[in-house]
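> the amino acid sequence is not available; the structure is as follows:
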């Protein structure tokens, strides 16, 4: 199987980004100087500058602020927001994550 990166519909990737193999991007904006690991799915989200995303992650319908580090196998989904300079080690579903504190919210 060849190593690829797939871009679908309306993707903007800013300068100085490094993207590893086998990731898929759909309707994404990725800011400057980001590092995106292998085997990720990124859809309908905003990733600001200087973000590091590990391997096997999903970022779907969410916002990742500048300076964030996301570890391997983490899913950030359903309107979640990860605040500036956070270090995320566990998945988020409909939550805010600021200053190493997880905050739940209801989108209804």
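Received the coordinates, thanks. These numbers were taken from a predicted model, which means no experiment stands behind them.
> mind checking the end-to-end distance for stretch 36-52?
Stretch 36-52 has an end-to-end distance of 6 Å (Cα to Cα, to the nearest Å).
> for stretch 7-27, that is, sorry about that
Stretch 7-27 has an end-to-end distance of 9 Å (Cα to Cα).
> so what's the gap between that stretch and the chain middle?
Here stretch 7-27 shows a centroid-to-chain-centroid distance of 11 Å under the convention Cα atoms, centre = their mean, to the nearest Å.
> what is the mean pLDDT for it?
Across stretch 7-27, the average pLDDT comes to 94.
> offset the numbering so it begins at 705, please.
All right, first residue 705 from here; so that's stretch 711-731.
> so what touches that stretch?
For stretch 711-731, contacts defined as Cβ atoms under 8 Å, 6 or more residues apart in numbering pick out 707-710, 732-749, 753, 759. The way it works is simple: take the backbone N, C-alpha and C, and place the C-beta from them, glycine included.
> among those, which are in strands?
Judged by DSSP state E, the subset of those located in strands is 709, 710, 732, 733, 734, 739, 740, 745, 746, 747, 748, 749.
> and the buried ones among these, selectable in PyMOL?
Listed next is the PyMOL selection for buried residues among the ones in strands among the contacts of stretch 711-731, using 16 or more other Cβ atoms under 10 Å:
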select buried, resi 732+734+740+746+747+749
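> any chance of the ones in strands among the contacts of stretch 711-731 in CSV, plus distance to residue 786?
Converted to CSV, the ones in strands among the contacts of stretch 711-731 look like this (distance: Cβ to Cβ, whole Å):
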residue, distance to residue 786
709, 22
710, 24
732, 15
733, 15
734, 14
739, 15
740, 15
745, 16
746, 13
747, 16
748, 15
749, 10
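> now, which of the ones in strands among the contacts of stretch 711-731 sits nearest residue 791?
Using Cβ to Cβ, residue 739 is the member of these that lies nearest residue 791, at 14.1 Å.
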